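S.K.: Test case, fold it:
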Amino acid sequence: MYIGFPVTVISQLSTSPMLDRLAPIDQRGYVQGIFTTLLNFGNAFAPWALGLLADTFGITVTLWIGAGFSFAAFFVNSPLLFKKEYKAPKAKKKAPKQHSTLTEEEEKVYIQKASE
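M.R.: Numbering: from 1, shown residues only. As a prediction, this is how the structure comes out:
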């Protein structure tokens, strides 16, 4: 159980960024909404289903079933962690800003406007 929970967390944390990479920009909110809806249905249904399993087969078997689902989710998602197209794009290096210097005429105009 102590190993399965962190594996489940990694699986949940890796899914949302991958969905952002897969979905078109104008559909990201929709895709994340579907994902969150299904995740919440699972969170609502799982305790009831696991309670029935615990009543039928015992708590030890139920814990192992939960750990099995956690590991299965991790192994299903883990290959996607190493695909280049699912990773966040690297930040582009920005060129340093070029400071423009004023010509003599521009400086005179600037000083004249500032003194008005």
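S.K.: and stretch 105-116, average pLDDT?
M.R.: On average, the pLDDT along stretch 105-116 is 82.
S.K.: Actually, stretch 16-29.
M.R.: 83.
S.K.: Just the CA trace of it, in PDB.
M.R.: Presented in PDB, the C-alpha positions along stretch 16-29 are these (Å, rounded to 0.1, in the frame of the first residue of the first chain):
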ATOM      1  CA  SER A  16      -3.000  15.900 -17.300                       C
ATOM      2  CA  PRO A  17       0.100  17.400 -19.000                       C
ATOM      3  CA  MET A  18       0.000  14.600 -21.600                       C
ATOM      4  CA  LEU A  19      -3.600  15.500 -22.400                       C
ATOM      5  CA  ASP A  20      -2.600  19.100 -22.900                       C
ATOM      6  CA  ARG A  21       0.000  18.000 -25.400                       C
ATOM      7  CA  LEU A  22      -2.400  15.800 -27.300                       C
ATOM      8  CA  ALA A  23      -5.400  18.100 -27.400                       C
ATOM      9  CA  PRO A  24      -5.600  21.000 -29.900                       C
ATOM     10  CA  ILE A  25      -5.200  24.300 -28.200                       C
ATOM     11  CA  ASP A  26      -8.900  25.300 -28.700                       C
ATOM     12  CA  GLN A  27     -10.000  21.900 -27.200                       C
ATOM     13  CA  ARG A  28      -7.800  21.800 -24.100                       C
ATOM     14  CA  GLY A  29     -10.400  23.000 -21.700                       C
END
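S.K.: List the buried residues of it.
M.R.: Of the residues in stretch 16-29, 18, 23 count as buried by neighbour count, 16 or more other C-beta atoms under 10 Å. Heads up, the C-betas are built off the backbone N, CA and C, glycines and all.
S.K.: Distance from the chain centre to it, please.
M.R.: Averaging C-alpha positions (C-alpha atoms, centre = their mean, to the nearest Å) puts stretch 16-29 9 Å from its chain's average.
S.K.: can you check stretch 15-28 too?
M.R.: Worked out by C-alpha atoms, centre = their mean, stretch 15-28 lies 9 Å from the chain centre.
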